[in-house]
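Enquirer: have a look; sequence and predicted model below, questions after that.
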Amino acid sequence: MKSLNMHSEADQALPLRASDSLALPHLPEPAKPRLYGYRDCLDGTAPAPKDALGKAVFGILMGGGMVTFMTTFNGLRHTGLDFLASSHWLYPVVFSIAMGMRLLYANRAVDAVAPRLIFPHLTGVARTAAMSALNVSFMAPVMAVFTALLLKGPDNLVANAWGELPFVMAVAILVNLLVVGPAVRLLYHNVIMPATGARLVQATQRFATTWAGIFTG
């Protein structure tokens, strides 16, 4: 019995040989994240995120991009180049209004309409264009009123806002579809997700392990 125990301990002390490693299972290498292009953003191959955190990040980026382009566009139209020198305060104000509108009603309205009227009937670029038009249609009328109020004051507010609404909406749809939408999708999928995805997974695993230990003792 003693000799058997000595052999067992010796076997345990032997180093792992190269041939032994062949019997060990090999974990698959993690897949490299796909890099999307501009066309992928137009035809829907690069999708909008579905998780809560991703939707929040995506929404903030989209809101910031649209506010930057449209506020600059409207400011230059109404006040000329002086707008760039004297109206920086307008950007955070308009951004706060836009984010409040999305939280109050626009997100829910889009989520209610799109699955019924757009998703079952359209695909590819047509679906992306329709979603841009849908988002702008819920935001532009109210944003036009606030923008006219901030840039021109309360005099003839309704006439100033609604008289320019068709033109402003057409520009906003094109900016959303061709500029801001693709830029945000490329930034989200090609930069943000590859940089943060692994760290988020690791943090989630540590968090879950810690709380599992607490609750299971």
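Expert: Done, it's in.
Enquirer: list of residues touching the host helix or strand of residue 166?
Expert: Using DSSP states H and E, residue 166 maps to helix 165-175. Outside helix 165-175, the residues that touch it by Cβ atoms under 8 Å, 6 or more residues apart in numbering are 66, 69-70, 73-74, 129, 132-133, 136-137, 139-141, 144. From N, CA and C alone the C-beta is placed, and that goes for glycine too.
Enquirer: tell me which of these fall in helices.
Expert: Counted as lying in helices by DSSP state H, out of the contacts of helix 165-175, are 66, 69-70, 73-74, 129, 132-133, 136-137, 139-141, 144.
Enquirer: hey, where'd the helices end up in the chain?
Expert: Ranges of helices within the chain are 2-13, 38-43, 52-79, 82-86, 90-101, 107-117, 124-152, 157-163, 165-175, 181-187, 193-216, based on DSSP H.
Enquirer: let me have those helices in CSV, adding mean pLDDT and mean neighbour count as columns.
Expert: Formatted as CSV, the helices of the chain follow (pLDDT from 0 to 100; neighbours: other Cβ atoms under 10 Å):
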stretch, mean pLDDT, mean neighbour count
helix 2-13, 51, 8
helix 38-43, 96, 16
helix 52-79, 92, 17
helix 82-86, 89, 12
helix 90-101, 95, 16
helix 107-117, 96, 13
helix 124-152, 93, 18
helix 157-163, 81, 14
helix 165-175, 95, 17
helix 181-187, 96, 20
helix 193-216, 57, 10
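Enquirer: now the residue nearest the centre of the chain: closest residue in space, sequence neighbours ignored.
Expert: The centroid of the chain falls nearest to residue 58 when counting by Cα atoms, centre = their mean (1.7 Å). With sequence-adjacent residues excluded and distances taken as Cβ to Cβ, 6 or more residues apart in numbering, residue 58 is closest to residue 49, at 5.2 Å.
Enquirer: surely the one you found touches residue 59?
Expert: No: counting by Cβ atoms under 8 Å, residue 49 sits too far from residue 59 to count as a contact (9.4 Å).
Enquirer: list the contacts of residue 139.
Expert: Contacts of residue 139 (Cβ under 8 Å, 6+ apart): 66, 98, 101, 102, 106, 172.
Enquirer: and it, how far from residue 56?
Expert: Distance of residue 139 to residue 56, given as Cβ to Cβ, to the nearest Å: 17 Å.
Enquirer: mind listing what the closest residue to residue 34 other than its chain neighbours touches?
Expert: Excluding the flanking residues, the one nearest residue 34 by Cβ to Cβ, 6+ apart is residue 189, at 7.6 Å. Going by Cβ under 8 Å, 6+ apart, residue 189 touches 33, 34, 35, 36, 46.
Enquirer: can you flag the buried ones in the residues you listed?
Expert: Buried by 16 or more other Cβ atoms under 10 Å: 36, 46, out of the contacts of residue 189.
Enquirer: and of the contacts of residue 189, the nearest to residue 155?
Expert: residue 46 (44.4 Å; Cβ to Cβ).
Enquirer: I'd assumed residue 186 was in contact with the closest one.
Expert: Yes: the criterion here is Cβ under 8 Å, and residue 46 meets it with residue 186 at 7.3 Å.
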